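Novice: Sequence and computational prediction follow.
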Amino acid sequence: MNRKINILVFAFCCLSFNVFAQDTTKKQKVEITSAFKPVLKNAVKINFNATPPAPDDAKPNLSYNIPIQNIFFTLQPVALKPLALQIDSAGQAHNSNYIKIGYGNFNTPLADAGFTIGDGKKTNVNIFASHLSQKGDLRLQKFSNTNLGLHVNHLINKVELYGKAGYQQQSYFLYGTDTSTINKPEDSLKRPYQTYSIRAGLRNAFVNTFGLTYNPDLNIQVFNDRRASETNAALELPVEIRAGGGFLASLRANADLTRFKPTGKEQYTNNVYFINPSVTFKNPKLRLRAGIRPTWDNGTLYVLPDVLFDFPTKDGKAVVIAGWVGHVRKNTYQYLASQNPWINQPLSQFNTRITEVFGGVKGSLASSFNYRLQVGFIEMIDAPLFVNNQKPVSVFSIRKEGKLQAVHLQAELGYVLTDQFNASAKLDVYNFTGQETEADAWYFIPTQLTAALRWQPIKKLMVKTDLFAWQGPAFLKDNAGNTGKLPSVFDLNAGLEFRAAKNISVWTQFNNIFNNTYQRWQNYPQLGFQFLGGIKLTFDQNL
């Protein structure tokens, strides 16, 4: 047994010797086989401590070049005229076309219509027509006013072309208290006024690359009273250039030509020319316009000022304003008749040179109130004053006041609450300090207050009120120098418009609510309380 074990041990030793006794002449190699698994080393993270930059207190100098918007406003303010009833504008029609008709006391028919043709973007055509007439209790106390108008706007390659044509027929009568006209026929006491007008021009709807804007405009009006004829033509050429850095250079050139042919007299001309170069500088802290207006009044040269200054306060809620401006107002037959329709034909014409120095403040209170308060000194050279003729006293003539000076106070206040409520008021006060020719400023209103309110309490109802109040002016009674003063006036008007259906509204208008038969001109009492009512149709239709 032991022998067998010894033999096995000997054999195992021999085998082990063969394993370890390898050939050392061969190169040794080590081969390792394993699956590759790449692993990224954890990155070192940087911890940032947030530090906001210091605030910038410098105010940016922003300059806006706002192009002319493609919106066509065709509403024009209606002047206050004796016996004339103001056409109710309560409620804004959102449709393109409307027809408004009504009737009231004093045999007052009213018709007003407007129609729109075009796409409202490149081409827009507006057609207007209106008529109003009244008849009072006094003999020949009646009035009529008829208007026709056509407005056209067309946009071609960023240039807007516009044109207007119109016709107006007004009829007045010499109904004033005058025994010398009682038995005269009606036609001899009639004052009919006709006006034919045409206007055309063009303007760039967008500021071009040179910062240039322009708007040449030609306005021609032919005015007559069936006995005399007057032609007024005005050509204006304004150009503005934005020079950068808040500077704006502008130049206006104007030629206003008048030819008048009185009854049985030789015709004469009244021509005024002016050029108005100016430079405007504007930044967030200042707005300054400096210019001059050399004016040739029938060959005589006057160099008039054109300086305006705006300085906002630090909080931006108010702006200090100041200015020194001047211009020449033409006293044409058409202008004088618009102020007083009971005048004689002027056998000659003279113009008024007006200069004013003023200062004041304007701004806003809270978010809805805005105001303007201004005081200045105004001087009018060759101002026209109205005086009653002695025979007949119901007709007025014109006298020339060589120099009329006054301290002028003007205050405005407005309140706007979205589109549902807005109110405004304006006060003008003239304190005359000097005259050269006449004893007083005949028929010149020294103090006047106008106010308006528009309120939409509910979506379908619009309420409006208008107030006209003024201090009675002085007038000359006779050639002996006796004077008088008309009573003060307080004229309150109100109106309602209710939308009964989608395109149908009913409206009422109350004028001279306190029934004051006041006189703006001596011997011509106004109508008392007036009531009108009617319907208004609005519709949107492609014609």
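Specialist: Received it, and whenever you're ready, just let me know what you need. Numbering: from 1, shown residues only.
Novice: Quickly note the distance from the nearest residue to L496 once chain neighbours are set aside to H131.
Specialist: Closest residue to L496 apart from its sequence neighbours, by Cβ to Cβ, 6 or more residues apart in numbering: T508 at 5.1 Å. For the C-beta atoms, the positions are set from N, CA and C on the backbone; glycine is no exception. Distance, T508 to H131, by Cβ to Cβ, to the nearest Å: 19 Å.
Novice: Parallel or antiparallel, which strands does the strand or helix carrying A233 pair with?
Specialist: Assessed by DSSP states H and E, A233 sits inside strand 229-244. Its sheet considered, strand 229-244 pairs with strand 212-214 (antiparallel), strand 217-224 (antiparallel), strand 247-261 (antiparallel) by DSSP bridges.
Novice: I'd like those strands as CSV, with distance to A480 and mean pLDDT appended.
Specialist: What follows is the strands paired with strand 229-244, written out as CSV (distance: least, Cβ to Cβ, whole Å; pLDDT from 0 to 100):
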stretch, distance to A480, mean pLDDT
strand 212-214, 57, 91
strand 217-224, 35, 98
strand 247-261, 32, 96
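Novice: where does S188 fall, phi/psi-wise?
Specialist: phi -70, psi -20 (degrees, to the nearest 10).
Novice: before we move on, what about Y335?
Specialist: Dihedral angles for Y335 - degrees, to the nearest 10 - are phi -70, psi -50.
Novice: Tell me how far the residue nearest to it when sequence neighbours are not counted lies from Q141.
Specialist: Of all residues not flanking Y335 in the chain, R329 sits nearest, at 7.9 Å (Cβ to Cβ, 6+ apart). Distance of R329 to Q141, given as Cβ to Cβ: 31 Å.
Novice: next one: D540
Specialist: 41 Å.
Novice: More neighbours: which of these two?
Specialist: Taking neighbours as other Cβ atoms under 10 Å, D540 and Q141 compare with Q141 leading, 18 against 11.
Novice: what sits against that one?
Specialist: Counting by Cβ atoms under 8 Å, 6 or more residues apart in numbering, Q141 makes contact with 83, 135, 173, 175, 527.
Novice: now, which of those residues sits nearest I127?
Specialist: Using Cβ to Cβ, L83 comes nearest to I127 of the contacts of Q141, at 27.0 Å.
Novice: Look at the closest one and report its pLDDT.
Specialist: Per-residue pLDDT puts L83 at 43.
Novice: where does the protein have low pLDDT?
Specialist: 1-95, 179-180, 541-543 (pLDDT under 70).
Novice: Using CSV, write out the CA atom coordinates for the helix or strand harbouring G363.
Specialist: Following DSSP H and E, the helix or strand that holds G363 is strand 352-365. In CSV, the C-alpha atoms belonging to strand 352-365 read as follows (Å, rounded to 0.1, in the frame of the first residue of the first chain):
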residue,chain,number,x,y,z
THR,A,352,-56.8,142.7,-38.7
ARG,A,353,-53.3,142.2,-37.5
ILE,A,354,-53.4,140.2,-34.3
THR,A,355,-50.5,139.6,-31.9
GLU,A,356,-50.6,137.9,-28.5
VAL,A,357,-48.1,137.3,-25.7
PHE,A,358,-49.3,134.6,-23.2
GLY,A,359,-48.2,132.2,-20.5
GLY,A,360,-49.8,129.6,-18.4
VAL,A,361,-49.9,126.0,-17.4
LYS,A,362,-51.6,122.8,-18.6
GLY,A,363,-51.7,119.3,-17.4
SER,A,364,-53.8,116.5,-15.8
LEU,A,365,-55.1,115.7,-12.4
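Novice: would you list the contacts of Q141 in a markdown table and tack on neighbour count and distance to D256?
Specialist: Conversion of the contacts of Q141 to a markdown table gives the following (neighbours: other Cβ atoms under 10 Å; distance: Cβ to Cβ, whole Å):
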| residue | neighbour count | distance to D256 |
| --- | --- | --- |
| L83 | 24 | 30 |
| K135 | 15 | 38 |
| F173 | 23 | 32 |
| Y175 | 21 | 34 |
| L527 | 23 | 36 |
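Novice: I'd like those as CSV, with secondary structure and distance to G363 appended.
Specialist: Below are the contacts of Q141 laid out as CSV (DSSP: H, G, I helix; E, B strand; the rest coil; distance: Cβ to Cβ, whole Å):
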residue, secondary structure, distance to G363
L83, coil, 40
K135, strand, 48
F173, strand, 48
Y175, coil, 47
L527, coil, 40
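Novice: Identify the farthest-apart pair in those.
Specialist: F173 and L527 (13.5 Å).
Novice: ok, which stretches of the stretch 301-450 of the chain are strands?
Specialist: Assigned by DSSP state E, counting those that start in this stretch, the stretch 301-450 of the chain shows strands spanning 318-329, 352-365, 369-388, 396-417, 421-435, 447-458.
Novice: nearest spatial neighbour of Q448, skipping sequence neighbours?
Specialist: That would be W470: by Cβ to Cβ, 6+ apart, it lies 4.2 Å from Q448.
Novice: Enumerate every residue touching that neighbour.
Specialist: W470 sits next to 445, 447-449, 488-489 when contact means Cβ under 8 Å, 6+ apart.
Novice: any idea how far I513 is from it?
Specialist: Relative to I513, and taking Cβ to Cβ, W470 is found at 17 Å.
Novice: Also Y98?
Specialist: 26 Å.
Novice: The spatially closest residue to L385 that is not a sequence neighbour: how many residues sit nearby?
Specialist: Spatial nearest neighbour of L385, excluding adjacent residues (Cβ to Cβ, 6+ apart): W442 at 4.4 Å. Residues lying near W442 (other Cβ under 10 Å) number 20.
Novice: isn't W442 right up against R399?
Specialist: Yes - using Cβ atoms under 8 Å, W442 makes contact with R399 at a distance of 7.4 Å.
Novice: I am assuming Q522 contacts F475, so please confirm or correct that.
Specialist: Yes - contact status for Q522 versus F475: in contact at 5.2 Å, counting by Cβ under 8 Å.
Novice: shared neighbours of those two, which are they?
Specialist: 388, 484, 486.
Novice: pretty sure the first one is touching F396, no?
Specialist: Yes - between N388 and F396 there is a contact at 6.0 Å, judged by Cβ under 8 Å.
Novice: follow-up on the earlier one: closest one to Q339 among the strands of the stretch 301-450 of the chain?
Specialist: It is, among the strands of the stretch 301-450 of the chain and with distance given as Cβ to Cβ, strand 369-388, at 7.7 Å.
Novice: in the closest one, what's buried?
Specialist: 370, 372-374, 376, 378-388 (16 or more other Cβ atoms under 10 Å).
Novice: Could you do stretch 472-486 as well?
Specialist: So for stretch 472-486, counting by 16+ other Cβ under 10 Å, buried means 472-476, 486.
Novice: In strands, which of those residues appear?
Specialist: 474-476 (DSSP state E).
Novice: now, among the residues you listed, which is nearest to G264?
Specialist: Among those, and counting by Cβ to Cβ, the member closest to G264 is L476, at 27.2 Å.
Novice: wait, what's in contact with the closest one?
Specialist: 387-388, 439-440, 442, 482-483.
Novice: List just the nearest of the contacts of W470 to L212.
Specialist: Closest to L212, out of all of the contacts of W470 and judged by Cβ to Cβ, is Q448, at 40.7 Å.
Novice: Ends of stretch 441-449, what's the gap?
Specialist: Length of stretch 441-449, first residue to last, Cα to Cα, to the nearest Å: 19 Å.
Novice: Show me which parts of that stretch are buried, residue by residue.
Specialist: In stretch 441-449, the ones that count as buried by 16+ other Cβ under 10 Å are 441-444, 446-449.
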